[in-house]
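Asks: Show me the folded form of this:
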Amino acid sequence: MRVLFLDCFAGISGDMFLSSLLDAGLDGKELLKYLKLINIDDYEFTVSSINSHSITGTRVKINVSDIQPHRHLKDIEKMIRQSALPHFIKEKSMVCFRYLAEAEAKVHGLTVDKIHFHEVGAVDSILDIVGAATALYLLKPQKVYCGTLPLGGGYIKCQHGTIPVPAPATVELVKGMPVKMGPVNNELVTPTGAAIVKTFIDEFNLPPMHVDQIGYGFGSRELEIPNALRVLLGTVQKRPSLKKQEINILECNIDDMNPEITSFLQERLLKEGALDVYIQNVGMKKGRPGIEIKVVCEPALREKLIHLIFRESTTLGIRYRTENRFLAQRSIIQVPTPYGKIGVKVSKFDHSSEPQYAPEFEDCKKASLAYDIPLKEIYKLAIREMENSQEQKDSP
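Replies: Residues are numbered from 1 along each chain as shown. This is a model prediction of the structure:
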């Protein structure tokens with residue numbers, strides 16, 4: 001499964017996100033081809049290679065020629081909707097802008113339709129967000145992961161005056177995400193960067209992965225640390241879906257039945273299709289010792305097995321409930337031995353786990369009695385033969 005991981009050691013902004021993906025191999029010409037589908041003119045999109053703190057990476061810079069108008073959310077959505085962009089890019093871009101609008105509205109005590117996007121609605125921010133959606137559309141990662149977001153600290157100046165870092169809108173956007181302050185006193189996660197994370201990130205962790213490409217995307221500020229977003233493109237081995245099964249649990253408590261009948265009932269229940277039957281000692285009322293019989297079965301067999309329990313036991317009532325269980329991969333392989341074929345149950349959690357072997361009791365019992373060999377020795381022999389056959393199968 002192809003994945004993308006964002007290592008935000010110095011935070012994230014819209015231009016850092018685009019720069020890092022271009023550095024990791026995103027085709028810049030393809031990206032620009034899609035960006036030109038938006039009805040925006042008079043801007044210059046430049047991509048340059050830079051070296052900062054002895055790390056080489058990419059920096060995207062967007063220069064706007066004219067003064068741009070303040071735009072409301074409906075203006076930006078109309079601009080995106082009327083473009084010839086693919087559906088995925090349109091939808092993700094509009095979701096990202098809506099997140100920004102909702103955060104700004106919450107901070108300023110306004111409704112979403114009253115928010116005008118000065119910095120956010122500027123051409124560079126529109127291109128950053130649409131560019132982010134386009135980049136992921138072109139790279140097609142099946143999942144996007146992210147590490148903890150360092151928010152920075154201190155204060156910054158904006159059109160509203162001096163505000164604390166992280167900006168109030170950023171704090172709204174990172175709700176529910178793993179964050180930390182520092183490592184420098186500067187704005188490290190911008191509202192646009194936070195909105196991109198909220199829109200595109202599937203999980204906040206780094207899975208075991210095979211790294212194929214690495215990219216460093218530098219921001220415009222010079223800091224005492226490398227002001228870059230590092231991205232890793234690679235693959236992870238997708239776990240197979242676990243098999244899930246709905247089952248019924250039947251239960252009854254008994255304190256007045258011959259134990260020999262209990263053993264007989266257990267055999268009958270298993271023969272009639274019960275998945276498992278187990279018995280445990282319990283303390284009954286007035287200090288009487290008793291047993292609790294539990295039966296695991298498929299729902300289709302519930303009524304049949306309930307009738308069998310009533311017929312063969314002295315219980316006056318049977319409880320039942322529905323549960324779910326996950327099943328390991330399992331199969332029974334007939335293994336040839338000097339004492340005949342022995343069935344061995346092979347189970348695995350998934351394709352990468354070590355198999356477990358369990359010889360079938362009845363087969364081992366039959367061989368033990370026929371050849372007068374201790375039962376435990378038959379067990380050991382069956383497992384050894386099973387392991388040998390697997391080694392021969394795996395050898396080149």
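Asks: going forward, measure contacts between C-alpha atoms and count neighbours the same way
Replies: OK.
Asks: Let me see the ranges of the helices in this protein.
Replies: 14-23, 28-35, 73-81, 87-108, 123-139, 168-173, 191-200, 259-271, 302-312, 361-371, 375-394 (DSSP state H).
Asks: Comparing the ones you listed, which stretch has the densest surroundings?
Replies: Highest mean neighbour count of the helices of the chain: helix 14-23, a mean of 28 (counted as mean count of other CA atoms under 10 Å).
Asks: What is that helix packed up against?
Replies: strand 55-64, helix 123-139, helix 191-200, strand 210-218, strand 228-235 (3 or more CA pairs under 8 Å, 6 or more residues apart in numbering; DSSP states H and E).
Asks: Using TSV, lay out those together with distance to Tyr99.
Replies: Putting the helices and strands packed on helix 14-23 into TSV (distance: least, CA to CA, whole Å) gives the following:
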stretch	distance to Tyr99
strand 55-64	23
helix 123-139	12
helix 191-200	6
strand 210-218	23
strand 228-235	22
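Asks: how about the helices of the chain in a markdown table, adding mean pLDDT and distance to Ile115?
Replies: Putting the helices of the chain into a markdown table (pLDDT from 0 to 100; distance: least, CA to CA, whole Å) gives the following:
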| stretch | mean pLDDT | distance to Ile115 |
| --- | --- | --- |
| helix 14-23 | 97 | 20 |
| helix 28-35 | 95 | 25 |
| helix 73-81 | 91 | 7 |
| helix 87-108 | 94 | 6 |
| helix 123-139 | 93 | 15 |
| helix 168-173 | 95 | 12 |
| helix 191-200 | 96 | 14 |
| helix 259-271 | 95 | 68 |
| helix 302-312 | 97 | 60 |
| helix 361-371 | 95 | 73 |
| helix 375-394 | 86 | 64 |
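Asks: now these as TSV including distance to Lys157?
Replies: Listed next are the helices of the chain as TSV, based on distance: least, CA to CA, whole Å:
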stretch	distance to Lys157
helix 14-23	19
helix 28-35	30
helix 73-81	24
helix 87-108	16
helix 123-139	18
helix 168-173	13
helix 191-200	14
helix 259-271	75
helix 302-312	70
helix 361-371	77
helix 375-394	65
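Asks: With respect to Val346, which of those lies nearest?
Replies: helix 375-394 (9.2 Å; CA to CA).
Asks: which other residues reach stretch 307-320?
Replies: Outside stretch 307-320, the residues that touch it by CA atoms under 8 Å, 6 or more residues apart in numbering are 248-254, 256-257, 261-262, 265, 269, 306.
Asks: at 10 Å what do you get?
Replies: 248-258, 261-262, 264-266, 268-269, 272, 293-296, 302, 305-306 (CA atoms under 10 Å, 6 or more residues apart in numbering).
Asks: Would you mind finding the longest strand in the chain?
Replies: strand 243-254 (DSSP state E).
Asks: tell me the angle it makes with helix 302-312.
Replies: With axes from the mean of the first three to the mean of the last three CA atoms, to 10 degrees as the basis, strand 243-254 and helix 302-312 are set at 20 degrees to each other.
Asks: which other helices and strands contact strand 243-254?
Replies: With contacts defined as 3 or more CA pairs under 10 Å, 6 or more residues apart in numbering; DSSP states H and E, strand 243-254 has these neighbours: strand 276-283, strand 289-297, helix 302-312, strand 319-327.
Asks: Hey, what's the angle from that strand to helix 259-271? Just curious.
Replies: 160 degrees.
Asks: Pairing partners for strand 243-254, with directions?
Replies: Using DSSP bridges, strand 243-254 pairs in its sheet with strand 289-297 (antiparallel), strand 319-327 (antiparallel).
Asks: ok, now which ones touch the nearest residue to Gly215 once chain neighbours are set aside?
Replies: Distances taken as CA to CA, 6 or more residues apart in numbering place Ala24 nearest to Gly215, at 4.0 Å, with adjacent residues excluded. By CA under 10 Å, 6+ apart, Ala24 lies in contact with 18, 57-58, 212-217, 230-233.
Asks: Show me the shaky parts of the stretch 201-350 of the chain.
Replies: Low-confidence segments of the stretch 201-350 of the chain, defined by pLDDT under 70: 238-241, 350.
Asks: Can you report how many residues neighbour Arg321?
Replies: As a burial measure, Arg321 scores 10 neighbours (other CA atoms under 10 Å).
Asks: my read: it touches Ile247, true?
Replies: Yes: contact criterion CA atoms under 10 Å: Arg321 and Ile247 qualify, at 8.5 Å.
Asks: circling back to that earlier point, so which of the strands paired with strand 243-254 comes closest to Ser83?
Replies: strand 319-327 (47.2 Å).
Asks: show me what contacts the nearest residue to Thr162 once chain neighbours are set aside?
Replies: The shortest distance from Thr162 to any non-neighbouring residue, by CA to CA, 6+ apart, is to Ile156 (5.6 Å). Ile156 makes contact with 162-167, 185-187, according to CA under 10 Å, 6+ apart.
Asks: before we move on, the earlier item: between the contacts of Ala24, which is closest to Gln334?
Replies: For the contacts of Ala24, the nearest to Gln334 is Asp212 (42.6 Å; CA to CA).
Asks: How many residues are close by the closest one?
Replies: 11.
Asks: In the sheet, which residues pair with the spatially closest residue to it that is not a sequence neighbour? Tell me.
Replies: Once flanking residues are discounted, Asp212 sits nearest to Gly234: 4.8 Å by CA to CA, 6+ apart. Beta-bridge pairing for Gly234 (DSSP bridges): Val3, Val211.
Asks: from memory Ser49 sits against Phe218, does it?
Replies: Yes: between Ser49 and Phe218 there is a contact at 9.4 Å, judged by CA under 10 Å.
Asks: Now for these two: what residues contact both?
Replies: 19, 23, 56-60.
Asks: what residues are up against Ala370?
Replies: Going by CA under 10 Å, 6+ apart, Ala370 touches 339, 364.
Asks: Separate out the buried members of the contacts of Ile156.
Replies: Those of the contacts of Ile156 that meet the buried threshold are 165-167, 185-187, by 16 or more other CA atoms under 10 Å.
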